[in-house]
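Colleague: Would you be able to build a 3D model of this:
(2 chains)
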Amino acid sequence: MSTTHHAIDSAQSPLGRHASTTSRAGKSLPFDDPRHLAAHHWLVEEAYILDHQEYETWLEMLTEDIHYFMPVKVTTALGSGYDTAPGMAHFDENKYSLSRRVARFATEHAWTEDPPSRIRHYVTNVRTFETDAANEIIVDSAVLLFRSRGDVREASLISAGREDLLRRDGDRWQLARRHIAVDESVLRTQNLAIFL
Amino acid sequence: MAEQAAVFDAVRRGMIPAHIYNDAEIFSLEKERLFGRSWLFVAHESEVPDAGDYVVRRVLEDSFIISRDNDGGVRAMFNMCLHRGMQVCRAEMGNASHFRCPYHGWSYRNDGRIVGLPFHKEAYGGEEGFSRKGQTLLPAPSLGTYNGLIFISLDPDAPPLEEFLGDFKFYLDYYTKQSSSGIELRGPQRWRVKANWKIGAENFAGDMYHTPQTHTSVVEIGLFREPKAEKRKDGNTYWAGNGGGTTYKLPDGNLEERLRYVGYPDEMIERMKETWSPDQQTVIGDNGFMISAASLFPNLSFVHNWPRVEESDDVLPFVSIRQWQPISENETEILSWFAVDKEAPEEFKALSYKAYLMCFGSTGMFEQDDVENWVSLTNTAAGSMARRLQLNSRMGMLFDGSPVVQPLSAEEFAGPGVAHAGYGEYNQRHLLNEWANCLERPVDEAASLAVGAEKPIEEVPR
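Modeller: Got it, this is the predicted structure:
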């Protein structure tokens, strides 16, 4: 699991009912396993695409049934059994809503990203798991997003764990589900006009 | 003080000394004279539905536990142990019968009463040295609720909440009482932005003028049925009691048709008709105005809108409640909740939530561009040039103070207060006038409370 304490499940969301329920099987694959190498390669390529804000290319890397889900983190007592706000997320997206976000950035009037942020996704701690489906793998990673706007404004950082479901279609892998476990309850960035 | 008097005078003329959006002295005055006594939203009863449920919320630096006690009552208790001042609750939400201080183990029931004091006899000599009887976590000096919205005030002599809300209650009902069961809240999303807290409150109170410019992009991507954001100028802005807001003018139709137009299913419309007063129904059904954004003085805002949420011509309405929680003169924590009628069908709740996420909150496509503007404004307001500049906030008013357009008549608009059609900064002026009134009025020194210093002669009132 990519979260520190409690696993994220698409079923937590009223919008996640159509998400794939594929889950991991067994221990993480050896680092020289071709599937791990493919997954790591995919994540690094994606990071460059997101850093360059080539969002239309990014959309093509997502399946039609994607659930892109980042619940709101809350601080709870150790024995509570949950650490996300019930029924509330920052991102709870399907392909349509992601496509609207991307379309907005492509207009000339998305002021929050004009001038654009300088962003860099640092992706690390990658591990890959088999699933019961031959064409699907699960990939955990940690991501640190650095974002700078303007000349002297304080830069912001977002730290998160991600659990991705990658699905192979012919010779390409696509993202079919992403659960983002953000490490802060109160975000210290002006908005999430970025993707993790 | 003379300088401050000049600031308030300018504000009352509709001229805003730009530095009030980033001024440490002004902020210190706001903390004492405004946030020190105004009614402030902390939670909604639906966030603590069951006995023992709690959320922890702040009023500036003060942390409060908002809990549902075992008798079903809602409590707001200062989150500080009476002994050494530790926070007795360090989570943001949960369910607890007791709060136990991790420092020395004093413990309190979820209604605030002290129940556990380790080595009471050995260390204090029992009741003769420290009387536990009647000791509670400090309750919020004043607490009130309306439609399940829980407000507290740090002023024990605050006027009753309903008196403070006044005629704004009429409009509050559209957001928070669409059936007799009222709303449920989800969230909040919380994030901090480098912007002064007043800007959001002013924007939501009455700024219809920014919509066509700031929010061009969301119209361009087809999120709204109306092809042009300029439609906003056909709406009105109203001010009533201690709040005000904006409305859209809807196409011709009756109450049912207009509520259907913004996406409400018939079963919800039936409940609205059972719940809302004839005047509340007339505003939509006959006058043709639908509520949009609003602010309640000082820092609580509401928004109601109806975007498309999938590839279809259908639209889905959503409600968000948000608080502009000041952190400093140039930083605000936004708490943004999604609100939905408790009796709404599950499918409606899910799509309304989706509509909210697409438009407002940390990822909302409206909100993203708003915040960019507000951060920039705050940043520019810090310097010495901003001290020379008075921003013009007189839209809707001629040089002699008379309005550009006459207020709507009772036949044109059945809601209480004063409403004007079209663009104007009436509400921003109302909000800042109230702000100036508050900041000019000194506060009485708050009484201090000594815990267990003497043998009690009567029970401390709770």
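
Colleague: Can you check my assumption that B:S301 lies in a strand?
Modeller: Yes. B:S301 forms part of a strand when assessed by DSSP: H, G, I helix; E, B strand; the rest coil.

Colleague: Please look at it and B:R322 and confirm they touch.
Modeller: Yes. Between B:S301 and B:R322 there is a contact under Cβ atoms under 8 Å: 5.0 Å. The C-beta positions use only the backbone N, C-alpha and C, and glycine is treated the same way.

Colleague: between the two, what contacts are shared?
Modeller: Common neighbours of B:S301 and B:R322 (criterion: Cβ atoms under 8 Å, 6 or more residues apart in numbering or on different chains): B:200, B:204.

Colleague: Nearest residue to residue 93 in space, please, no chain neighbours.
Modeller: The chain I'm using is chain A. Excluding the flanking residues, the one nearest A:E93 by Cβ to Cβ, 6 or more residues apart in numbering or on different chains is A:Y68, at 4.1 Å.

Colleague: nope, chain B
Modeller: Nearest one to B:M93, counting by Cβ to Cβ, 6+ apart, is B:V55 at 4.7 Å.

Colleague: Now do the same contact list for that neighbour.
Modeller: Counted by Cβ under 8 Å, 6+ apart, B:V55 has contacts B:43, B:47-48, B:65-66, B:92-93.

Colleague: Pull up the residues of chain A that are close to chain B.
Modeller: Residues of chain A lying close to chain B (Cβ under 8 Å from any Cβ of the partner chain) are A:14-15, A:72, A:74-77, A:80, A:85-93, A:96-97, A:100-101, A:103-104, A:107, A:109-112, A:153-154, A:185-193.

Colleague: just the buried members of these?
Modeller: Using 16 or more other Cβ atoms under 10 Å in any protein chain shown as the burial test, the residues of chain A next to chain B include A:14-15, A:72, A:74, A:76, A:80, A:85, A:87-93, A:97, A:100-101, A:103-104, A:109-112, A:185-187, A:189-193 as buried.

Colleague: tell me which residues of stretch B:180-196 are tucked away?
Modeller: B:182-196.

Colleague: hmm, it touching chain A?
Modeller: Yes. Counting by Cβ under 8 Å from any Cβ, contacts between stretch B:180-196 and chain A involve B:186-194.

Colleague: Let's see which of these end up in helices.
Modeller: Nothing among the residues of stretch B:180-196 next to chain A maps onto helices, per DSSP state H.

Colleague: how many neighbours does residue 34 have?
Modeller: This is for chain A. For A:P34, the neighbour count with other Cβ atoms under 10 Å in any protein chain shown is 8.

Colleague: oops, I was thinking of chain B
Modeller: 22.

Colleague: Then B:N437?
Modeller: 14.

Colleague: what's the distance between it and B:E163?
Modeller: In this view, B:N437 and B:E163 are 16 Å apart by Cβ to Cβ, to the nearest Å.

Colleague: Now do the longest helix along chain A: which elements does it pack against?
Modeller: As assigned by DSSP H, the longest helix anywhere in chain A is helix A:34-51. Packing contacts for helix A:34-51, counted by 3 or more Cβ pairs under 8 Å, 6 or more residues apart in numbering or on different chains; DSSP states H and E, involve helix A:55-60, strand A:118-131, strand A:136-148, strand A:156-169, strand A:172-182.

Colleague: how about a cut-off of 7 Å?
Modeller: Packed against helix A:34-51 by the contact rule (3 or more Cβ pairs under 7 Å, 6 or more residues apart in numbering or on different chains; DSSP states H and E) you find helix A:55-60, strand A:118-131, strand A:136-148.

Colleague: and the ones you listed as CSV, adding distance to A:R172, mean pLDDT and mean neighbour count?
Modeller: Below are the helices and strands packed on helix A:34-51 laid out as CSV (distance: least, Cβ to Cβ, whole Å; pLDDT from 0 to 100; neighbours: other Cβ atoms under 10 Å in any protein chain shown):
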stretch, distance to A:R172, mean pLDDT, mean neighbour count
helix A:55-60, 9, 98, 15
strand A:118-131, 17, 98, 17
strand A:136-148, 13, 98, 20
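
Colleague: In JSON lines: those, plus distance to B:E127.
Modeller: Compiled in JSON lines, these are given as follows (distance: least, Cβ to Cβ, whole Å):
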{"stretch": "helix A:55-60", "distance to B:E127": "68"}
{"stretch": "strand A:118-131", "distance to B:E127": "57"}
{"stretch": "strand A:136-148", "distance to B:E127": "55"}
